[in-house]
Structure formats: C-alpha cells, structure tokens
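Asker: Got a sequence here, can you model it:
(one chain, ligands or ions: 2)
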Amino acid sequence: MIIAIDGPAASGKGTLARRLADHFGLRHLDTGLTYRAVAAALLANGLPLGDESVAIEIAQNLDLAQMDKSILAAHEIGEAASRIAVLGGLREELVNLQRRFAQTPPGAVLDGRDIGTVVCPDATVKLFVTAAPEARARRRTDEMISNGKDAGYTSVLDDLKRRDERDSQRTVAPMKQADDAVLLDTTEMDIESAFQAAVDIVSRAKGV
Ligand SMILES: Nc1ncnc2c1ncn2[C@@H]1O[C@H](COP(=O)(O)OP(=O)(O)O)[C@@H](O)[C@H]1O
Ligand SMILES: Nc1ccn([C@@H]2O[C@H](COP(=O)(O)OP(=O)(O)O)[C@@H](O)[C@H]2O)c(=O)n1
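Answerer: Numbering: from 1, shown residues only. Ligands and ions are numbered 1, 2, ... in the order given. Below is the predicted model:
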C-alpha cells in the first residue's frame with residue numbers, strides 16, 4: 001500500500017504521515033526533506049541556488065537515512081528548498097529516489113507537494129491536507145518557539161504565504177490536489193481528530 005499526502009506548508013502533512021505509517025506498518029518519507037537537504041548543501045558551500053548541475057550532483061549522492069530533520073527544519077532552508085524546487089532536472093532526480101523508496105515493500109507513506117500528482121499517481125489512497133494560513137502560521141510559530149527559535153508570527157505567516165504561492169504557481173509539478181485525492185481541512189481539528197479522520201479515509205480506500 002502507498003499513501004500519498006500533499007498540502008501546503010505546516011498543514012500537518014508530516015505529523016499525519018508519520019502516525020499513519022506507524023498505524024498501518026508502512027515506511028515513511030518526508031519528501032520535503034530531500035529538497036531541504038539539497039538546498040542546505042548548496043547554502044553550506046556558498047553555491048548559487050540556481051546552479052542546477054551542482055544541485056543534481058548533490059541529489060545523486062543523497063543518503064535518505066542521513067537527512068537530519070532537526071537541522072533541515074530551519075526557516076531559511078525551507079525558503080531555499082522552495083527556490084530550488086522549480087528546477088525540473090533536479091526534481092526528476094529526486095522523484096526517482098522517492099519512487100524507489102515508495103516501491104520498496106511493504107509500502108510507504110510519502111508526504112510533499114506532488115506525491116499524488118507526479119511521484120505516486122497510482123497510490124492506494126491520496127490525501128490533500130490543508131488548513132487556513134493563520135492556523136498553519138500559528139502551528140509553525142509554536143513549533144519554532146518550542147525548539148528555542150522565534151521568528152515571530154507575522155513574519156512566519158508572510159513566509160508561508162509566499163512559499164505556497166511559489167509552490168502552486170511553478171510550471172514543473174506545482175502543488176495541486178490530485179483529482180482523486182480526498183481533501184482534509186484541519187483548521188478546526190487537533191492532531192488527534194485529524195489523525196482519526198485520516199485513518200477513516202485510508203480504511204475506506206482499503207475497503208476495511
Ligand atoms: N491538527 C493540528 N492541530 C494543531 N497542531 C498541529 C496539527 N497538525 C500538526 N500540528 C503541528 O503543526 C506543526 C506543523 O506540522 P507538520 O506535520 O510538521 O506540518 P507539515 O509537514 O505540513 O509542514 C507541528 O508542530 C505539528 O505538531
Ligand atoms: N514533494 C515536494 C516536497 C517539497 N517541495 C519543496 O520543498 C519545500 C519544503 O518542503 P517541506 O515539506 O519540508 O515544507 P514544510 O511544509 O514542512 O514547511 C516546499 O516549499 C516545496 O517548494 C516540493 O517542491 N515537492
């Protein structure tokens with residue numbers, strides 16, 4: 001079974017993906033981390049974000065097991081990831097890596113922006129997880145504060161909106177709800193109710 005989860009920044013995709021993977025005994029890949037890891041390597045080496053051949057080389061040597069979320073979660077890395085995510089050749093390289101992960105038994109939960117549309121168009125079930133920008137900015141701000149970093153609610157909200165705009169307007173694999181995806185709006189849901197709703201959607205799709 002493959003579960004595809006897409007949606008805008010800080011909508012709760014990763015939280016749901018991790019919990020669904022545990023619940024259904026599947027592996028989990030946060031595909032955002034693959035874009036973040038490439039962006040972080042470019043930034044660390046002072047290389048331009050538009051240099052696609054270097055970005056592709058970094059992607060070819062990416063070790064999924066070595067991606068460290070605590071480092072890659074940094075705000076500026078998310079912004080840089082969204083800038084390099086417009087590069088078609090880089091996306092092709094990362095999509096191949098993500099597909100290999102998805103196709104390895106016993107199956108997987110992948111979360112990102114183009115999982116249901118490009119990476120796993122034949123996924124068993126697809127969710128598009130969203131929430132109002134203000135709710136997402138509040139969640140991301142609280143998350144940053146609990147990790148000892150406070151970027152300020154207003155600046156987080158502006159950054160999320162700008163990134164969503166770039167991600168949904170780009171020509172290659174834009175963020176978009178797949179025609180056969182189920183929409184899950186978690187604005188008024190806490191994590192537990194969102195998880196229960198997601199389990200119900202997956203169970204219905206599996207016919208259990
Ligand atoms: N339904 C929810 N209600 C409140 N907070 C949530 C909810 N879903 C996720 N969160 C919190 O919001 C933050 C962003 O969630 P995350 O799963 O990392 O989002 P994404 O993967 O879409 O960027 C995390 O701190 C998470 O604990
Ligand atoms: N499948 C994916 C996943 C992420 N991305 C890009 O990578 C950036 C960071 O993704 P992320 O999922 O880590 O971001 P958050 O939702 O966690 O803030 C996004 O803004 C997208 O530009 C993408 O283009 N396609």
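
Asker: Now for residue 3: which residues touch it?
Answerer: 17, 20-21, 24, 26, 107-110, 123-127, 202 (CB atoms under 8 Å, 6 or more residues apart in numbering). Heads up, the C-betas are built off the backbone N, CA and C, glycines and all.

Asker: Mind checking which of those land in strands?
Answerer: 108-110, 125-127 (DSSP state E).

Asker: Tell me the most packed of the residues you listed, by neighbour count.
Answerer: residue 109 (32 neighbours; other CB atoms under 10 Å).

Asker: Would you mind confirming that that residue makes contact with residue 25?
Answerer: No - with contact defined as CB atoms under 8 Å, residue 109 does not reach residue 25; the gap is 10.5 Å.

Asker: Just give me the neighbour total for residue 86.
Answerer: 19.

Asker: What helix or strand is it located in?
Answerer: Assigning secondary structure by DSSP states H and E places residue 86 outside every helix and strand.

Asker: While we're on the nearest residue to it once chain neighbours are set aside, how confident is the model there?
Answerer: Nearest residue to residue 86, sequence neighbours excluded (CB to CB, 6 or more residues apart in numbering): residue 170, at 4.6 Å. pLDDT for residue 170: 96.

Asker: and if you look at residue 114?
Answerer: At residue 114, pLDDT is 98.

Asker: just residue 1 next, same as before
Answerer: 95.

Asker: Run through the helices of this protein in chain order.
Answerer: Secondary structure of the chain (DSSP state H): helices at 13-24, 32-44, 52-60, 69-72, 75-84, 88-103, 133-146, 153-169, 191-206.

Asker: Return the list of helices and strands in contact with the fifth one.
Answerer: When you say that, I think you mean helix 75-84. Packing partners of helix 75-84 (3 or more CB pairs under 8 Å, 6 or more residues apart in numbering; DSSP states H and E): helix 32-44, helix 153-169.

Asker: Which residues of the protein lie near ligand 2?
Answerer: 9-10, 31-32, 35-36, 78, 81-82, 85, 112-114, 163, 167 (CB under 6 Å from any ligand atom).

Asker: before we move on, back to that, pipe the ones in strands among the contacts of residue 3 into CSV and attach pLDDT and distance to residue 90 per row.
Answerer: CSV is the format used below for these (pLDDT from 0 to 100; distance: CB to CB, whole Å):
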residue, pLDDT, distance to residue 90
108, 98, 22
109, 98, 23
110, 98, 18
125, 98, 28
126, 98, 24
127, 98, 25
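
Asker: which one of those is nearest ligand 2?
Answerer: residue 110 (7.9 Å; CB to the nearest ligand atom).

Asker: Does that closest one touch residue 32 like I think?
Answerer: No - taking contacts as CB under 8 Å, residue 110 lies outside contact range of residue 32: 10.3 Å.

Asker: do you know how far the nearest residue to residue 194 once chain neighbours are set aside is from ligand 2?
Answerer: Counting by CB to CB, 6+ apart, residue 194 lies nearest to residue 186, which is 4.4 Å off, once chain neighbours are set aside. Applying CB to the nearest ligand atom, to the nearest Å, the value for residue 186 to ligand 2 is 13 Å.

Asker: The one residue sitting closest to the centre of the chain and residue 150, how far apart?
Answerer: For the chain, residue 112 is the residue whose C-alpha lies nearest the centre (CA atoms, centre = their mean; 2.8 Å). Residue 112 is 27 Å from residue 150, where distance means CB to CB, to the nearest Å.

Asker: Perfect, I'm done here.
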